[in-house]
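*Asks:* Fold the following.
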Amino acid sequence: MGFVYFRLLTLPLKWNVSRLRPQVSLSSRSELRIVFAMFGSKVPNAWNLSNAYSSEQLALGFRIISNAYKTRVTSLEAEIRTVRAAASEKAEQLAAFQKKYSSLEVQLIECTQRGNQLAEENRNLVVTIKKLQREIDRLESLKRAVLNSIQEDRGDADLDYKYYNTDDMLHSTAPRTMIELSGVDTMDSFMKRFNGKPHFSGTANTTPTTKLNTEKGTVDGRNFVTVAKATLSPEDLNTVVGIIRKFNAQLQTKEEALASAHQLLAENNAKLYEEFKQLFHA
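*Replies:* Residues are numbered from 1 along each chain as shown. I've put the predicted structure just below:
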């Protein structure tokens, strides 16, 4: 279409000076028909050199064609600018995507290397755990063997120690009055005097083989310990030890300790209770 516009503008015209009308050559008549057809007009059938359009009408037609051409060119240029702007925006987006792709690719490489490193560390840890587990199993077996050996060596001799150790408990819980009455400076020297093992009769109220010494209101602490060990059952002896321990720790008053001892000893072991009371009143 642009070629037709350009061709129309360059049509060879011959001007009749007398009539001021353009004279169109016969070779350009077909091109004029195309132009008029484009604008929806028909060329008059009586078109000839003598019946041409006036100069004003022809100039108007040229202006219309020129304006249409310029409008079309302007529209196409605007469209080109729009397309170029869109292309520039797409190019910027593409550059951003390429930059992001490069960053993600670097991260992927780093993560892959880190994953390989962690996998290697995991394999090493598995090997170490297996070694430690075998060592633990070996030590557990050794522990069980040692415990079984110790238990077999003890035999029946530790059966009484399983419940209590009378000498140790009396060493830690003897009343303060017993220490004073024994005439020794420390409980260690007091307890060293007792080396025999306790023996118990079949009943709790069996008469002890050792007599209590209560002459002139004095009490022998050694006799009390010996008689208590020989007379009382393990449960009652532990109870007496608990009473003495609470008294020494000042968790019970003297009256409360005597009341507890009276409840335990007064009925079946009255003499032992009297000696116990004299120890506290000494």
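*Asks:* what about residue 226, how many neighbours?
*Replies:* Neighbours of residue 226 under the rule other Cβ atoms under 10 Å: 19. Backbone N, C-alpha and C define where each C-beta goes, glycine included.
*Asks:* swap in residue 272?
*Replies:* 22.
*Asks:* quick one, what contacts the nearest residue to it once chain neighbours are set aside?
*Replies:* Nearest non-adjacent residue to residue 272, counting by Cβ to Cβ, 6 or more residues apart in numbering: residue 265, 5.4 Å away. Taking Cβ atoms under 8 Å, 6 or more residues apart in numbering, we find residue 265 in contact with 236, 240, 272, 273, 276.
*Asks:* With adjacent residues omitted, what lies nearest to the fourth one?
*Replies:* With Cβ to Cβ, 6+ apart as the criterion, residue 273 has its nearest non-adjacent residue at 3.8 Å, and that residue is residue 265.
*Asks:* got it, and the last one?
*Replies:* In space, not counting the residues next to it along the chain, residue 276 is nearest to residue 261; the distance is 5.2 Å by Cβ to Cβ, 6+ apart.
*Asks:* Averaged pLDDT, stretch 123-132. What do you get?
*Replies:* On average, the pLDDT along stretch 123-132 is 94.
*Asks:* Please disregard the earlier target; I meant stretch 231-247.
*Replies:* 83.
*Asks:* With just CA atoms, put it into CSV.
*Replies:* This file holds the C-alpha atoms of stretch 231-247, laid out as CSV (Å, rounded to 0.1, in the frame of the first residue of the first chain):
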residue,chain,number,x,y,z
THR,A,231,17.3,-60.1,122.6
LEU,A,232,15.5,-58.2,119.9
SER,A,233,14.5,-59.4,116.5
PRO,A,234,16.0,-57.7,113.4
GLU,A,235,12.8,-55.6,112.9
ASP,A,236,12.7,-54.4,116.5
LEU,A,237,16.4,-53.7,116.6
ASN,A,238,16.0,-51.6,113.5
THR,A,239,13.2,-49.7,115.1
VAL,A,240,15.3,-49.0,118.2
VAL,A,241,18.1,-47.8,115.9
GLY,A,242,15.6,-45.5,114.1
ILE,A,243,14.5,-44.0,117.4
ILE,A,244,18.0,-43.3,118.5
ARG,A,245,18.8,-41.8,115.0
LYS,A,246,15.8,-39.5,115.2
PHE,A,247,16.8,-38.4,118.7
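*Asks:* returning to what we had before: after the helix or strand harbouring the residue nearest to residue 276 comes which helix or strand?
*Replies:* Assigned by DSSP states H and E, residue 261 falls within helix 254-265. Next helix or strand after helix 254-265 toward the C-terminus (DSSP H and E): helix 270-281.
*Asks:* for the record, mean pLDDT for that next one?
*Replies:* 80.
*Asks:* Would you mind listing the buried residues in it?
*Replies:* Using 16 or more other Cβ atoms under 10 Å as the test for burial, helix 270-281 gives 272, 273, 275, 276, 277, 278, 279, 280.
*Asks:* Can you tell me which of the contacts of residue 265 is nearest residue 226?
*Replies:* If you rank the contacts of residue 265 by distance to residue 226 using Cβ to Cβ, residue 272 comes first, at 11.1 Å.
*Asks:* before we move on, the earlier item: now tabulate the buried residues of helix 270-281 in a markdown table and tack on distance to residue 248.
*Replies:* Listed next are these as a markdown table, based on distance: Cβ to Cβ, whole Å:
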| residue | distance to residue 248 |
| --- | --- |
| 272 | 19 |
| 273 | 19 |
| 275 | 18 |
| 276 | 14 |
| 277 | 17 |
| 278 | 18 |
| 279 | 12 |
| 280 | 11 |
